[in-house]
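Asker: Next comes the sequence, and after it the predicted model I'd like to discuss.
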Amino acid sequence: MRGRYFARSRQTVAAARQFTAETLDVWGVTQHRDDLLLCVSELAGNALRHGVPPGRYYRVRLRRYEGGLRLEVHDSGPGLSRTRVGDGYGLRIVEAVSDRWGVLPRQPGKSVWCEFGAPANGATGAGTGLRSMQGRPDGGTGTVIPYDYDCVCGPWEVSHVDVSQ
């Protein structure tokens with residue numbers, strides 16, 4: 001597992017994408033590379049626009065597991081609104097290119113995640129400990145799968161805090 005904090009700055013979206021590319025290179029991951037880079041750009045951009053208060057950071061975390069990879073973007077802003085339709089395509093893009101995605105409420109903030117490949121811990125959705133809920137914050141018909149607390153456990157590596165931007 002690898003993670004990094006990024007400052008509240010538009011320039012850090014490129015840095016988050018670079019961190020993700022470097023992580024995939026270190027891990028030798030080539031499958032879904034372009035889609036992962038697209039998703040980290042969209043999720044980091046959303047975190048900056050909607051979730052990172054002034055003076056705070058957001059975190060990008062990647063986790064490999066047998067048959068798959070999970071990308072998470074954590075921020076300390078308010079959760080996703082179920083009543084406001086987004087004005088962009090960010091989560092629609094994430095939904096279109098990833099196998100699964102969801103939102104984990106946190107204190108403070110939230111974690112928006114997406115997975116590529118086999119679900120974490122072999123889970124497939126209904127009946128496996130992950131409860132599916134219909135509906136998306138943007139009113140679409142996608143499936144939001146609540147976070148499985150068992151799929152991310154133990155310490156994770158923080159490469160460094162990028163405060164230069």
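Answerer: Arrived safely, thanks for sending.
Asker: Can you list the strands that whichever strand or helix holds residue 115 pairs with?
Answerer: Per DSSP states H and E: residue 115 is located in strand 110-117. Sheet pairing of strand 110-117 (DSSP bridges) gives strand 68-75 (antiparallel), strand 100-105 (antiparallel).
Asker: Figure out which of those strands is closest to residue 13.
Answerer: strand 68-75 (10.5 Å; Cβ to Cβ). To be clear about C-beta, it is placed using only N, CA and C from the backbone, and glycine gets the same treatment.
Asker: Mean confidence (pLDDT) on that closest one, please.
Answerer: Averaging pLDDT along strand 68-75 gives 94.
Asker: Residues in contact with that strand: which ones?
Answerer: 16, 20, 29, 32, 36, 39-40, 43-44, 46-47, 50-52, 56, 58-63, 99, 106, 109-120, 151-152 (Cβ atoms under 8 Å, 6 or more residues apart in numbering).
Asker: From those, which land in helices?
Answerer: Members of those lying in helices (criterion: DSSP state H): 16, 20, 36, 39, 40, 43, 44, 46.
Asker: In PyMOL, select just the buried ones from the contacts of strand 68-75.
Answerer: Restricted to buried positions by 16 or more other Cβ atoms under 10 Å, the PyMOL selection for the contacts of strand 68-75 reads:
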select buried, resi 16+20+29+32+36+39+40+43+44+46+47+50+51+52+58+59+60+61+62+63+109+110+111+112+113+114+115+116+117+119+120+151+152
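Asker: still on that earlier bit, and the ones in helices among the contacts of strand 68-75, which is closest to residue 91?
Answerer: residue 46 (7.3 Å).
Asker: before we move on, back to that, which one of the strands paired with strand 110-117 is the most hemmed in?
Answerer: Neighbour counts (mean count of other Cβ atoms under 10 Å) averaged over each of the strands paired with strand 110-117 peak at strand 68-75, with a mean of 24.
Asker: Dump that one to PDB, restricted to CA.
Answerer: Listed next in PDB are the C-alpha coordinates belonging to strand 68-75 (Å, rounded to 0.1, in the frame of the first residue of the first chain):
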ATOM      1  CA  GLY A  68      -7.000  -6.100  -8.300                       C
ATOM      2  CA  LEU A  69      -6.100  -2.600  -7.300                       C
ATOM      3  CA  ARG A  70      -7.900   0.000  -5.200                       C
ATOM      4  CA  LEU A  71      -7.500   3.800  -5.500                       C
ATOM      5  CA  GLU A  72      -8.700   6.100  -2.700                       C
ATOM      6  CA  VAL A  73      -8.800   9.800  -2.400                       C
ATOM      7  CA  HIS A  74      -9.400  11.100   1.200                       C
ATOM      8  CA  ASP A  75     -10.400  14.600   2.100                       C
END
